[in-house]
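Engineer: Coordinates for the following, if possible.
(one chain, ligands or ions: 1)
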Amino acid sequence: MTRLPDFRLETYFSRWEFTARHHMTASDVQTMTLTELLALADDQDRTAFENLSLGYTDTYGDPALREVIAQMYERADAADVICFAGAEEALYLAMNVLLDAGDHAVVVTPNYQAAETVPLALCEVTGVALDPDRDWALDLDQIKAAIRRNTRLVSVNFPNNPTGKVISTADFIELARLCDEHGIHLFSDEVYRGLERDPARTLPQAADLSERALSLNVTSKSLGLPGLRIGWITCRDRTLLTRLERAKHYTTICNSAPSEVLARIALKARTTILDRNRALIARNLPLFDAFFTEFPDVFDWQAPDGGCVAYPRYLGPEGVEEFCTRLVEEAGVLLLPASIYRSELTPTPTDRFRIGIGRAHPEEGLTALTQWMKAHR
Ligand SMILES: Cc1ncc(COP(=O)(O)O)c(C=O)c1O
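Structural biologist: Sure, this is the predicted structure:
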């Protein structure tokens, strides 16, 4: 296995995710119970779940699941889809299949750490930073300038974790075109797709734009079902898909059979689930607006374009790291400080923290946060 550094976010979560009283930095929307999910199934799928035999399944993923996934794309068939244990396995194996020692990759920052540490363990990588002073704009000229003769991959994530940025559709299409022009794979992490504040800003899926682009998605985030551990890559380059299948033989071999049926049920009901989740975020946002409005000299808050996390600034003199540490230790309120999102590739802001806006009943955590702020500031 490639030697990789500690995954800062996961290490922080190992300490706090299930011990902090108020998890206020979740990147997955409020989940549901098995009973609630099965209530969304038609009779046939519910029977399929109850009578499921628990043998190995197809390495590519259950054909019926891949069929449902393919229907979410304009230009993909079931044969263009391969499933993995979450988005994380997909990302890890895709980088390992696509990148060799003499290659070069371009990665946008800030990012979900694996997006840069996995490629960095394999080859040379150039970072291109979203600009915090220009509403997290992505400068396509910087991507263009970063491309080398041996560049194999450009990796992006919109809606972005942690900034919530969604670039314009025109820019995204131009990015796909630029990658095609240079024979580069666009690796597009689309795990927060479907949670745009303005649905009109929902980007096309990369796999629909280019034959060699990879669209990464999962049931974890927008659908709020991370416990299923079902992710997938859609890509019309079937040779690449075969290489991904061969790589998966060394990791999980196949997905969990019950999860595949449950993911199929969830994806068939995705309009209902996404409507529910978007409504939850719309209901939560005014609560966050009200909290941040109460402390205008301490926070600089902006609602995200999409996804269910935001990345406000902390303006207090002791800095965001101390703020987050004291908050979780003294008030049991878990946030993620900027150091979790530091990059080896570019400077990243040092005064921000990630806060989640997609869980039910954030009032309790916001109250604890407000009380601590009033007592300490
Ligand atoms: C942008 C991004 N990609 C991938 C993942 C990994 O997703 P999963 O937990 O479903 O494997 C995450 C999880 O936080 C993420 O934020």
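
Engineer: can you give me the strands for the stretch 51-200 of the chain?
Structural biologist: With DSSP state E, counting those that start in this stretch, the ranges of strands along the stretch 51-200 of the chain come out as 81-84, 104-109, 124-129, 151-157, 185-189.

Engineer: Kindly reformat those as TSV containing distance to the ligand, mean pLDDT and mean neighbour count.
Structural biologist: Glycine gets a C-beta too; all of them are placed from N, C-alpha and C. Listed next are the strands of the stretch 51-200 of the chain as TSV, based on distance: least, Cβ to the nearest ligand atom, whole Å; pLDDT from 0 to 100; neighbours: other Cβ atoms under 10 Å:
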stretch	distance to the ligand	mean pLDDT	mean neighbour count
strand 81-84	8	98	26
strand 104-109	11	98	25
strand 124-129	16	98	20
strand 151-157	5	98	24
strand 185-189	5	98	26
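
Engineer: can you redo these as TSV with distance to residue 93?
Structural biologist: Shown next, in TSV, are the strands of the stretch 51-200 of the chain (distance: least, Cβ to Cβ, whole Å):
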stretch	distance to residue 93
strand 81-84	7
strand 104-109	15
strand 124-129	18
strand 151-157	13
strand 185-189	12
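
Engineer: burial count for residue 364?
Structural biologist: Residue 364 has 12 neighbouring residues, counting by other Cβ atoms under 10 Å.

Engineer: The nearest residue to it once chain neighbours are set aside bridge partners, please.
Structural biologist: Counting by Cβ to Cβ, 6 or more residues apart in numbering, residue 22 is the residue found nearest to residue 364 once chain neighbours are left out, at 6.4 Å. As for beta bridges, residue 22 partners with residue 333 under DSSP bridges.

Engineer: And residue 22, how far from residue 316?
Structural biologist: Here the distance between residue 22 and residue 316 works out to 19 Å (Cβ to Cβ, to the nearest Å).

Engineer: Same check on residue 243?
Structural biologist: The value you get for residue 243 to residue 316, if Cβ to Cβ is used, is 49 Å.

Engineer: Repeat that for residue 181.
Structural biologist: For residue 181, the distance to residue 316 - Cβ to Cβ - is 46 Å.

Engineer: Also residue 83?
Structural biologist: From residue 83 to residue 316 the distance is 44 Å (Cβ to Cβ).

Engineer: Next: residue 324.
Structural biologist: Applying Cβ to Cβ to residue 324 and residue 316 gives a distance of 11 Å.

Engineer: Find residues that contact each of those two.
Structural biologist: Common contact partners of residue 324 and residue 316 (Cβ atoms under 8 Å, 6 or more residues apart in numbering): none.

Engineer: Looking at those two, which one has more neighbours?
Structural biologist: Set side by side, residue 324 and residue 316 show more neighbours around residue 324, with 24 against 16, by other Cβ under 10 Å.

Engineer: Tell me who's in contact with that one.
Structural biologist: Neighbouring residues of residue 324 by Cβ under 8 Å, 6+ apart: 335, 336, 337, 353.

Engineer: Let me know the pLDDT of it.
Structural biologist: pLDDT for residue 324: 98.

Engineer: Ok, residue 136 next?
Structural biologist: Residue 136 is given a pLDDT of 98.

Engineer: what's the neighbour count on the nearest residue to residue 295 once chain neighbours are set aside?
Structural biologist: Of all residues not flanking residue 295 in the chain, residue 373 sits nearest, at 6.0 Å (Cβ to Cβ, 6+ apart). Other residues within reach of residue 373, judged by other Cβ under 10 Å, total 18.

Engineer: now residue 331
Structural biologist: If we define neighbours as other Cβ under 10 Å, then residue 331 has 20 of them.

Engineer: And it, how far from the ligand?
Structural biologist: 24 Å (Cβ to the nearest ligand atom, to the nearest Å).

Engineer: which residues sit in contact with that residue?
Structural biologist: For residue 331, counting by Cβ under 8 Å, 6+ apart, the contacting residues are 21, 22, 368, 369, 371, 372.

Engineer: 6 Å instead, please
Structural biologist: Contact analysis of residue 331 by Cβ atoms under 6 Å, 6 or more residues apart in numbering lists 368, 372.

Engineer: how close does the residue of the stretch 51-200 of the chain found nearest the ligand get to residue 318?
Structural biologist: Nearest to the ligand in the stretch 51-200 of the chain, going by Cβ to the nearest ligand atom, is residue 86, at a distance of 2.8 Å. For residue 86, the distance to residue 318 equals 36 Å [Cβ to Cβ].

Engineer: can you give me the helices for the stretch 101-250 of the chain?
Structural biologist: 114-120, 140-146, 169-181, 206-209, 238-248 (DSSP state H, counting those that start in this stretch).
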